[in-house]
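[1] kindly generate the corresponding structure for this input.
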Amino acid sequence: MIRTLVGRRASLVLDRPRIMGILNVTPDSFSDGGQFQQVDRALRRAEEMVAEGADLIDVGGESTRPGAALVPASQELDRIIPVIAAIHARIDIPLSVDTNKATVAAAALENGADWVNDVSGLTFDAEMATVVAAHDGGLFLMHTRGTPAQMQQNIHYDDIVAEVLAELRISLATARKAGIPAERLAIDPGIGFAKDLAGNLELLRRLDEFRVLDLPILLGTSRKSFIGQILQQPLPADRLYGTLATVALGVAKGAMLLRVHDVPAARETALMSWAILQS
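    Model (predicted):
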């Protein structure tokens, strides 16, 4: 298993679960859309997350919620590059960029990002792997099927874990063919992306089976709709307790990167779970 995850300029030692704070600079993200579009507000939020114990900040300029429309690369660049550059200049924190476009990834890596968090697992843009490799960046490969506007129409699996694993292996082969070494890679089963409620729960229950890939597992469940379905919480902000249950279970099942909105609560949950496992 990879013990140090390497990015363009930074690295993360995986001696405990690491917390990835979400910073969406979008008008329409499902939970925090419109809150951090201005650079000064985004910078303040980044500073808050660092103070709260975030190990990594993930900056996104395009909503990937189910049904979301695609955003032109030019608009995505206008949203994220000033924010990434400002954070990189003022705060000592590793950064990832949440994008599936190679041109956006290149600009982000040049302006301070260390990893690319590609929700498409290299399936949307044929140039992505080459761009990440050329910039010595790291890459988080997530599983999905189809664009956000289409993905919830493609939720049938005969064996969801086997099929997600098989499709992630294809993404990993693409990354490795481009020259991205294992120490720069992590995988994400894509909770909420082309999955229904039962599929999300089965992925969480069987998350430890993804250890077979011998790469760090990134888990992103924070405030997602399946939690709201189970707990009858229609508002994303009211899904904290359900999110923390998934964080605790995720750590127990092998997740080493937790992508979350609520940094302090998730950090304490992850560290407590980790302490129990190590005792």
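[2] ok so Asp208 is a strand residue?
    No. Going by DSSP: H, G, I helix; E, B strand; the rest coil, the assignment for Asp208 is helix, not a strand.
[3] the strands in this structure, which residues?
    Here the chain has its strands, by DSSP state E, at 4-6, 11-13, 18-24, 56-60, 95-98, 115-118, 138-142, 185-188, 217-219, 255-260.
[4] export the ones you listed to a markdown table and tack on mean pLDDT and mean neighbour count?
    All C-beta atoms are positioned from the backbone trio N, CA, C, and that covers glycine. Formatted as a markdown table, the strands of the chain follow (pLDDT from 0 to 100; neighbours: other Cβ atoms under 10 Å):
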| stretch | mean pLDDT | mean neighbour count |
| --- | --- | --- |
| strand 4-6 | 98 | 19 |
| strand 11-13 | 98 | 16 |
| strand 18-24 | 97 | 26 |
| strand 56-60 | 97 | 24 |
| strand 95-98 | 98 | 29 |
| strand 115-118 | 98 | 30 |
| strand 138-142 | 98 | 27 |
| strand 185-188 | 98 | 24 |
| strand 217-219 | 98 | 25 |
| strand 255-260 | 98 | 27 |
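[5] reformat those as TSV; add distance to Ala42.
    Listed next are the strands of the chain as TSV, based on distance: least, Cβ to Cβ, whole Å:
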stretch	distance to Ala42
strand 4-6	24
strand 11-13	22
strand 18-24	6
strand 56-60	8
strand 95-98	12
strand 115-118	17
strand 138-142	20
strand 185-188	23
strand 217-219	22
strand 255-260	17
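[6] of all the ones you listed, which lies closest to Ala178?
    Distance to Ala178, taken as Cβ to Cβ, is lowest for strand 138-142 among the strands of the chain, at 9.3 Å.
[7] who does the closest one touch, helix- and strand-wise?
    strand 115-118, helix 128-134, helix 160-177, strand 185-188 (3 or more Cβ pairs under 8 Å, 6 or more residues apart in numbering; DSSP states H and E).
[8] let me have those in a markdown table, extended by distance to Pro216.
    Formatted as a markdown table, these follow (distance: least, Cβ to Cβ, whole Å):
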| stretch | distance to Pro216 |
| --- | --- |
| strand 115-118 | 11 |
| helix 128-134 | 16 |
| helix 160-177 | 12 |
| strand 185-188 | 4 |
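[9] okay, the ones you listed, which one's buried deepest?
    Most buried of these, by mean neighbour count (mean count of other Cβ atoms under 10 Å): strand 115-118, with a mean of 30.
[10] so where's the stretch 51-200 of the chain shaky on pLDDT?
    Scanning the stretch 51-200 of the chain for pLDDT under 70 picks out 67-68, 149, 151.
[11] still on that earlier bit, out of the strands of the chain, nearest to Ala107?
    strand 95-98 (8.8 Å).
[12] how far out from the middle of the chain is that closest one?
    Chain-centre distance of strand 95-98: 8 Å, with Cα atoms, centre = their mean, to the nearest Å.
[13] go on, stretch 241-250?
    Worked out by Cα atoms, centre = their mean, stretch 241-250 lies 16 Å from the chain centre.
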